[in-house]
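>>> Let me see the structure of the following:
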Amino acid sequence: MNRKGGFTDLFIFMIIAFVLMLVVGIFVYIGATAYSELREQFSQQEDSFENQNVTQTVENTLGEVPVAYSVLYWGSIILLFGMVMGIFVSSYLVTTRPIFFVPYIILVFVAIIVSVPIANVYEEVITNPTLASSFNNFVGSNYFMLYLPYIVSVVGVVGGIIMFASMKRGQNEQAYIGG
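Numbers count the residues shown, from 1 in each chain. Coordinates of the predicted model:
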């Protein structure tokens, strides 16, 4: 609880959100591609296998991967929303001084500027013809990432309000404890 700064939370949030969405999208792409390729290959060669239903084996094993990865469509938005809530909680728990208000505002502006290219790169990734089918079902997460500059500005401002409004609470607790 003796945390002295929550100023880098927005940058960590942007980086983790971008990497998370890329990894999740690539997992979905790899799972779907591997399943369809194996199914296609083994359905063409089924006559060469003696008394084995390889297509059924692929269906029972790797066929469950796209179904299992479908949880990522809504799970990713829950993770992103959880990170935003974590920033708010972190802002509440930080004890800071009023002099850090100006650097915090500057960092929020820098975070907004940095989030614009991240959102643009994400848009290029999801519109790539190879990956577009994998990212189409990430409706909430795509919205979240495409409007990342707006979300970062709202989270930064609300986090700052929470941080500097709870500053008075931190001073009262220190006076009560004797610190």
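
>>> Low-confidence regions, this protein specifically.
Applying pLDDT under 70 to the chain picks out residues 1-6, 43-52, 54, 167-179.

>>> any chance you could map the helices in it?
Secondary structure of the chain (DSSP state H): helices at 9-44, 54-60, 64-69, 71-93, 101-126, 132-135, 139-146, 148-165, 167-177.

>>> Tabulate those (CSV), appending mean neighbour count.
All C-beta spots, glycine's among them, are computed from the backbone N, C-alpha and C. Formatted as CSV, the helices of the chain follow (neighbours: other Cβ atoms under 10 Å):
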stretch, mean neighbour count
helix 9-44, 17
helix 54-60, 15
helix 64-69, 14
helix 71-93, 16
helix 101-126, 15
helix 132-135, 17
helix 139-146, 18
helix 148-165, 19
helix 167-177, 11
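
>>> any idea how far residue 27 is from the nearest residue to residue 138 once chain neighbours are set aside?
Of all residues not flanking residue 138 in the chain, residue 73 sits nearest, at 5.7 Å (Cβ to Cβ, 6 or more residues apart in numbering). Noted for residue 73: a distance of 12 Å to residue 27, by Cβ to Cβ, to the nearest Å.

>>> Same check on residue 94?
For residue 94, the distance to residue 27 (Cβ to Cβ) stands at 34 Å.

>>> again, but for residue 160
35 Å.

>>> tell me the contacts of the closest residue in space to residue 134 that isn't next to it in sequence?
Excluding the flanking residues, the one nearest residue 134 by Cβ to Cβ, 6+ apart is residue 29, at 3.8 Å. Residue 29 sits next to 130, 131, 133, 134 when contact means Cβ atoms under 8 Å, 6 or more residues apart in numbering.

>>> List the residues that contact the first one.
Which is residue 130. Neighbouring residues of residue 130 by Cβ under 8 Å, 6+ apart: residue 29.

>>> same check, this time on the one 3 residues further on
Taking Cβ under 8 Å, 6+ apart as the contact definition, residue 133 lies against 29, 32.
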